[in-house]
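S.K.: Show me the folded form of this:
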Amino acid sequence: MTGHTGSCHCGAIELQLHEPPLAVSECNCSICRRIGGLWHYCAVGSLTVTGPAVGYVQGDRTLTNWHCPTCACVTHWTAIDPDYGKVGVNIRMFDPALWQELPRRFVDGASF
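M.R.: Numbers count the residues shown, from 1 in each chain. Prediction:
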């Protein structure tokens, strides 16, 4: 399989990106600022996740944030709405060479 492989700290959850990221987003909402997530948004079919991810649905109930039950790394999010069509992957789960030079977009999630 082509693409880029990342994982949580302990390796229990593996992430496979099927297309290279072109930009990343940094959000200041209450959960993103706490977990330090740096997000790559992609089509649902562009990300494969394997492993025992555990979901957490926060306040507005629009997203499920997934984390490893062993090392607690937040790996990705999925939309509650099955028609949304996008997922967010915490690009920090990948080698920094993949993302550190990419353009960053600030998302003001705290104002919603």
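
S.K.: Output the lowest mean pLDDT helix or strand found in this structure.
M.R.: Taking mean pLDDT, DSSP states H and E as the measure, the helix or strand of the chain with the lowest value is helix 30-35, at a mean of 94.

S.K.: For that helix, list every residue counted as buried.
M.R.: With burial defined by 16 or more other CB atoms under 10 Å, the residues of helix 30-35 counted as buried are 31-32. C-beta: built from backbone N, CA, C; applies to glycine.

S.K.: ok, then the element right after it?
M.R.: Next along the chain after helix 30-35, taking DSSP states H and E as the criterion, comes strand 39-43.

S.K.: Now do the strands in the chain.
M.R.: Residue ranges of the strands in the chain, as given by DSSP state E, are 4-7, 14-17, 24-27, 39-43, 47-50, 54-57, 63-67, 74-79, 86-90, 104-107.

S.K.: Of all those, which one is nearest Leu98?
M.R.: Distance to Leu98, taken as CB to CB, is lowest for strand 4-7 among these, at 5.7 Å.

S.K.: Quick check: buried residues in that closest one?
M.R.: If you call a residue buried by 16+ other CB under 10 Å, then strand 4-7 has these buried ones: 4, 6-7.
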